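# here you go, sequence then predicted model.
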Amino acid sequence: MACQDIDVMRRQVCDRLRGTVTGWQWDLQAKYGDPRVYEQQQAEMNRVDAEMQHDLSRRNSALLEDAYEKQRVKHRETHTQRMAKHRAALKGPSRSKATRQGSAAAPPPARMPPPTAEPAPGSQ
């Protein structure tokens, strides 16, 4: 007999606790919203943020590639100009013309005679 009474009381306590927990759940959902809906909203916001980040990175990479290509072309042009000047300087006037002209070539610079040793003014 005691077992039946204990079983009835246990069922009453469980039902009351179940009702209380359900009431708390409804109150929390009314106050803060359903956690499943919140999770879906959060997942949607994360998806939109990821799409935006991907789009921005694509745009930035395209801009960086364009800037890199412009710099590469500019550097190639300046290098070509610099090398053309360098080749022209190396080529210069041909040496065979200068040796054929002979007398028209400028004479080599005169060497200065070595200085003579003069006695110091107060040593004599």
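Thanks, I have it.

# which residues of the chain fall in helices?
2-32, 35-91, 95-101 (DSSP state H).

# for those, which has the smallest mean pLDDT value?
When those are ranked by mean pLDDT, helix 95-101 comes last with a mean of 53.

# how many neighbours does residue 29 have?
Residue 29 has 14 neighbours, counted by other Cβ atoms under 10 Å. Bear in mind the C-beta positions are built from the backbone N, C-alpha and C, glycine included.

# so what's it up against?
By Cβ atoms under 8 Å, 6 or more residues apart in numbering, the contact set of residue 29 is empty.

# could you export the helices of the chain as JSON lines, including distance to residue 116?
Converted to JSON lines, those look like this (distance: least, Cβ to Cβ, whole Å):
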{"stretch": "helix 2-32", "distance to residue 116": "109"}
{"stretch": "helix 35-91", "distance to residue 116": "42"}
{"stretch": "helix 95-101", "distance to residue 116": "37"}
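
# the most centrally placed residue in the chain and residue 57, how far apart?
Geometric centre of the chain, nearest residue: residue 64, 9.2 Å, by Cα atoms, centre = their mean. To residue 57, residue 64 is 10 Å away according to Cβ to Cβ, to the nearest Å.

# residue 4 now?
For residue 4, the distance to residue 57 - Cβ to Cβ - is 70 Å.

# same check, this time on residue 29
38 Å.

# again, but for residue 46
Taken as Cβ to Cβ, the span from residue 46 to residue 57 is 16 Å.

# burial of residue 34, as a residue count?
Applying other Cβ under 10 Å, we find 13 residues neighbouring residue 34.

# got the confidence number for it?
Predicted confidence (pLDDT) for residue 34: 80.

# quick one: residues contacting it.
Per Cβ under 8 Å, 6+ apart, neighbours of residue 34: none.

# and the one 4 residues further on, by the same measure?
For residue 38, the contacting residues are residue 32, by Cβ under 8 Å, 6+ apart.

# cool, and residue 89?
Here residue 89 is in contact with no residue (Cβ under 8 Å, 6+ apart).

# send me stretch 47-54 as PDB with only the CA atoms.
The C-alpha coordinates for stretch 47-54 follow below in PDB (Å, rounded to 0.1, in the frame of the first residue of the first chain):
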ATOM      1  CA  ARG A  47      26.100  33.700 -43.600                       C
ATOM      2  CA  VAL A  48      25.400  37.300 -44.800                       C
ATOM      3  CA  ASP A  49      28.600  38.500 -43.100                       C
ATOM      4  CA  ALA A  50      30.600  35.700 -44.700                       C
ATOM      5  CA  GLU A  51      29.200  36.600 -48.100                       C
ATOM      6  CA  MET A  52      30.100  40.300 -47.600                       C
ATOM      7  CA  GLN A  53      33.600  39.400 -46.500                       C
ATOM      8  CA  HIS A  54      34.100  37.200 -49.500                       C
END
